[in-house]
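# Need a 3D model of the sequence below.
(one chain, ligands or ions: 1)
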Amino acid sequence: MAQSRMVVNDDYEHPDHLEYILESVLMPSDESLDFNLLRNDYNSVLLHKCQCDKGGCANNERCSHGGAYEYCPDGKELIQRQTNKTGNIPIVECNSFCECRIEFCTNRLVQYGPRANLEVFNSPTYKSKGVRTKVSIPCGAFICEYAGEILTISEAKRRIVTNKKLGSMNYVLILNEYTKTDDCYEDKRQVTIIDPSRRGNIGRYINHSCDPNCHITAVRIDCPIPKICVFAARSILAQEELCFHYGGEDRYVEDQASDSKACLCSADSCAGFMPNSKII
Ligand SMILES: C[S@@+](CC[C@H](N)C(=O)[O-])C[C@H]1O[C@@H](n2cnc3c(N)ncnc32)[C@H](O)[C@@H]1O
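Sure thing, here's the model as predicted:
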């Protein structure tokens, strides 16, 4: 049974014989200095807490973390606030240190686990496994974490080279976060590298598209290392395959680095090749 540091509702079956995890976990130790730094981050907690009363966390002027989510027009579920349409604004959810009352707090979503009614299927578009939804999904809704092993930069480089040599599928996802002012990306602030090839959740089956219906956003709950989270970038119909752009924010920052692997997304705007985020 998969274990989590939080109360996560995730009872998806794992179709492969891999270890199913409920949230990202630290890679095995390689005794390096980089690993020790990563472990320190992984084991540390964000102490900053909010002191909200009922409803306060809906408002980013009142709540020190709040305002990331709002109710969708039918009021049925919390979605990513529509000012964050590209998913580029990182989210900090309320956590166990916060003084808000959990039953009133509207700044907790990812911590409850992936949405229901997703399924892994054999995708005819990608000629491999993919994830689709059995029911429609509103724009901004949380899909799931892209959970896997959190890697050091040197271990990620090593695994990417090995995958290429073996011709294996590459599951390593690199999220570069940037400081941003007036629509201009500036210094890189943090790199997070996740590999669900050995240990992962349902997110590991989501394919890349050059015109995706989902995007990724960095979400922190109680750890300074963000979770890479998949949200709906538009309304999605039942039976649609879910895809996001593997280049993340990098595609806006510089000429997108591309892989030698042909992209099968079949979008009109397809770049022809799979994107390849740089490990800077
Ligand atoms: C995170 S996995 C996605 C799930 C994968 N299809 C599977 O069966 O497990 C990433 C791998 O899926 C394949 N893939 C994903 N998106 C693709 C695309 N747009 N074009 C070609 N292959 C893609 C590539 O082999 C890539 O290394």
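# Spell out which parts of the stretch 51-200 of the chain neighbour the ligand.
Tyr126, Ser128, Lys129, Gly130, Met169, Asn170, Tyr171 (CB under 6 Å from any ligand atom). Yep, even glycine has a C-beta here, placed from its N, CA and C like the rest.
# The third one contacts His14, correct?
Going back to what we said before, that points to Lys129. No. Counting by CB atoms under 8 Å, Lys129 stays clear of His14, with 11.4 Å between them.
# can you pull the buried residues of stretch 124-143?
Buried residues in stretch 124-143, counting neighbours by 16 or more other CB atoms under 10 Å, are found at Tyr126, Lys129, Gly130, Val131, Arg132, Thr133, Ile137, Cys139, Gly140, Ala141, Phe142, Ile143.
# remind me, longest helix of this protein?
helix 153-166 (DSSP state H).
# hmm, back to that, go through the buried residues of stretch 124-143 and flag which are in strands.
Using DSSP state E, the subset of these located in strands is Lys129, Gly130, Val131, Arg132, Thr133, Phe142, Ile143.
# How about the contacts made by the fifth one?
In other words, Thr133. By CB atoms under 8 Å, 6 or more residues apart in numbering, the residues touching Thr133 are Asn117, Leu118, Glu119, Ile236, Ala238, Gln239, Glu240, Leu242.
# The third one reaches Val131, doesn't it?
What that stands for is Glu119. Yes. Contact criterion CB under 8 Å: Glu119 and Val131 qualify, at 7.1 Å.
# From the ligand, how far out is Cys50?
35 Å (CB to the nearest ligand atom, to the nearest Å).
# how near is that residue to Thr162?
Separation of Cys50 from Thr162 (CB to CB, to the nearest Å): 43 Å.
# where does the chain have low pLDDT?
Applying pLDDT under 70 to the chain flags the ranges 1-6, 180-188, 249-260, 277-278, 280.
# and the closest residue to Ile202 other than its chain neighbours, what helix or strand is that in?
Excluding the flanking residues, the one nearest Ile202 by CB to CB, 6 or more residues apart in numbering is Tyr12, at 4.8 Å. Of the helices and strands defined by DSSP states H and E, none includes Tyr12.
# all helices of the stretch 101-250 of the chain, in order?
153-166, 250-253 (DSSP state H, counting those that start in this stretch).
# What distance do you get for the residue lying closest to Gln190 once chain neighbours are set aside to the ligand?
Nearest residue to Gln190, sequence neighbours excluded (CB to CB, 6+ apart): Glu177, at 4.7 Å. Distance from Glu177 to the ligand, counting by CB to the nearest ligand atom: 20 Å.
# Counting neighbours, what do you get for Glu177?
Glu177: 17 surrounding residues under other CB atoms under 10 Å.
# One more: Ile228?
24.
# quick one: the strands in the stretch 1-150 of the chain?
Taking DSSP state E, counting those that start in this stretch, the strands of the stretch 1-150 of the chain run over residues 19-20, 25-26, 69-71, 78-80, 91-92, 118-123, 128-133, 142-145, 149-150.
# for the stretch 151-280 of the chain, same thing?
Going by DSSP E, counting those that start in this stretch, the stretch 151-280 of the chain shows strands at 173-181, 184-195, 199-200, 207-208, 214-220, 227-232, 241-244, 258-262, 273-275.
# Which of the ones you listed sits closest to Val45?
strand 214-220 (10.4 Å; CB to CB).
# For that closest one, which outside residues touch it?
Residues contacting strand 214-220 (CB under 8 Å, 6+ apart): 46, 80, 84, 86-93, 110, 143, 145-146, 173, 175, 177, 192, 206, 226-233, 236, 242-245, 248.
# Next: stretch 190-197.
18, 24, 27, 146-153, 156, 159, 163, 168-169, 171-177, 203-204, 218, 225-226, 228, 279-280.
# Check the residues you listed for burial and list the buried ones.
24, 27, 146-152, 156, 159, 163, 171-177, 203-204, 218, 225-226, 228.
# hmm, back to that, okay, the strands of the stretch 151-280 of the chain, which one's buried deepest?
Highest mean neighbour count of these: strand 227-232, a mean of 25 (counted as mean count of other CB atoms under 10 Å).
# Tell me if that one is near the ligand.
No. Judged by CB under 6 Å from any ligand atom, strand 227-232 stays clear of the ligand, getting no closer than 11.3 Å.
# quick one: that strand to strand 214-220, angle?
Counting by axes from the mean of the first three to the mean of the last three CA atoms, to 10 degrees, strand 227-232 lies at 140 degrees to strand 214-220.
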